[in-house]
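S.K.: Sequence first, then the predicted structure, then my questions.
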Amino acid sequence: MSLSPAEVAELRHARDLLENPGLAARISDALGSPIERGFEMLPKRWNAAVTGATHKAIATALDVALRTLDHERTDAPANRWHKLAVGTTGAAGGAFGLAALAIELPVSTTIMLRSIADIARSEGEDLRDLDTRLQCLQVLALGGRAAGDDAAETAYFAARAAMAKAVSEAARYLAQQGAVLHGAPAIVRLITQIASRFSITVSQKVAAQAVPVLGAVGGALVNTVFIDHFQDIARGHFVVRRLERRHGAEEVRHVYNEIAGRR
């Protein structure tokens, strides 16, 4: 069955959320200046700090996804509350700089994951389902294009394709074991793949917060833009999944690509 005009409009909006603009552009627009200046101000070992904090954040988020997301709220998504909470953690990150990232990022990521789960539920997802909870976690990997992505693909479907095997292997392992063992190969691969993509956007966030004049207020603003970006990605992703459940993945992808080709 073909998508109705209303559903095509929904898919067009989802594509706009998923493909435009990137986090760097959003942050630069919010701050009124490009974030490249922030990269120049970061210490030499900033990349190692971001990598370590990102892996810790994803591991923490995986635990939250598997243990508590099925108990999430049942009313409308609390997007504003989540933005306020992440903005508060960003204020701390902006005040204390890179040294606070290892503490701030896992907290911010957990709050974002709960917001993503709220959005997933509002689009008809069942949070008791293991695959749905892993899809919530996967949203964190959809916010930035990796270097190895196929340039001919839309960024969204390229990221989904790159993550598909790791997500399915982790889901199969967790269904069999019923618990998270972070040293298990399937879990290591999942965390590594999500972290490698999530770190792209985390690096942009850190660069923006590195500008000394921003301080706590700027850190809160950057984190608010950060969660807003992933809320949009989540909304677009779960709209696509809802339409896929109704019409099949192939049909939805075909229309999505047609919309992209008309741009």
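M.R.: Everything's here; your move. Numbering: from 1, shown residues only.
S.K.: Tell me if I'm right that Met113 and Gln135 touch.
M.R.: Let me fix one detail, which is that residue 113 is Leu and not Met. No: using CB atoms under 8 Å, Leu113 makes no contact with Gln135, being 11.3 Å away. (C-beta placed from N, C-alpha, C; glycine too.)
S.K.: Who has more neighbours out of those two?
M.R.: Ranked by neighbour count (other CB atoms under 10 Å), Leu113 and Gln135 place Leu113 first, with 27 against 24.
S.K.: who's in contact with the more buried one?
M.R.: Ala61, Val64, Ala65, Leu69, Cys136, Leu137, Leu140 (CB atoms under 8 Å, 6 or more residues apart in numbering).
S.K.: for it, phi and psi?
M.R.: Main-chain torsions, Leu113, degrees, to the nearest 10: phi -60, psi -40.
S.K.: per-residue confidence for Gly93?
M.R.: In this model, Gly93 is scored at 56, pLDDT.
S.K.: same question, the one 4 residues further on
M.R.: Looking at Gly97, its pLDDT stands at 62.
S.K.: can you check the one 4 residues further on too?
M.R.: At Leu101, the pLDDT value in this model is 82.
S.K.: That one is in contact with Ala48, isn't it?
M.R.: No: using CB under 8 Å, Leu101 makes no contact with Ala48, being 11.1 Å away.
S.K.: neighbour-wise, which of the two wins?
M.R.: The residue with more neighbours, out of Leu101 and Ala48, is Leu101; 24 against 10, by other CB under 10 Å.
S.K.: and that one, what helix or strand is that in?
M.R.: Taking DSSP states H and E as the definition, Leu101 sits inside helix 101-122.
S.K.: what about stretch 31-48, how long is it end to end?
M.R.: 26 Å (CA to CA, to the nearest Å).
S.K.: Stretch 12-29 now?
M.R.: Criterion CA to CA; first-to-last residue distance in stretch 12-29 is 23 Å.
S.K.: in it, what counts as buried?
M.R.: Buried residues in stretch 12-29, defined by neighbour count with 16 or more other CB atoms under 10 Å: Ala14, Arg15, Leu17, Leu18, Glu19, Gly22, Leu23, Ala24, Arg26, Ile27, Ser28.
S.K.: And Leu3, its phi and psi?
M.R.: Main-chain torsions, Leu3, degrees, to the nearest 10: phi -70, psi 140.
S.K.: so it makes contact with Val252?
M.R.: Yes: Leu3 is within contact range of Val252, at 7.3 Å (criterion: CB under 8 Å).
S.K.: any residues in contact with both of these two?
M.R.: Joint contacts of Leu3 and Val252 (CB under 8 Å, 6+ apart) are Leu11, Leu243.
S.K.: about what we covered before: what about the helix holding Leu101, distance to the chain center?
M.R.: 9 Å (CA atoms, centre = their mean, to the nearest Å).
S.K.: Which helix or strand lies directly C-terminal to that helix?
M.R.: Following helix 101-122 in sequence, per DSSP H and E, is helix 130-138.
S.K.: just the helices in the chain please.
M.R.: With DSSP state H as the criterion, the chain has helices at 5-19, 23-31, 36-41, 46-67, 79-96, 101-122, 130-138, 155-177, 185-209, 215-247, 249-261.
S.K.: By mean pLDDT, show me the worst of these.
M.R.: helix 79-96 (a mean of 61).
S.K.: if we can go back for a sec, so which of Leu3 and Val252 has more stuff around it?
M.R.: Ranked by neighbour count (other CB under 10 Å), Leu3 and Val252 place Val252 first, with 22 against 18.
S.K.: Check what pLDDT Thr154 gets.
M.R.: pLDDT at Thr154 comes out at 66.
S.K.: Actually, Ser33.
M.R.: At Ser33, pLDDT is 75.
S.K.: same question, Leu142
M.R.: Looking at Leu142, its pLDDT stands at 92.
S.K.: Quickly note the distance from it to Phe157.
M.R.: 10 Å (CB to CB, to the nearest Å).
S.K.: State the number of residues packed around Ala49.
M.R.: Neighbours of Ala49 (other CB under 10 Å): 17.
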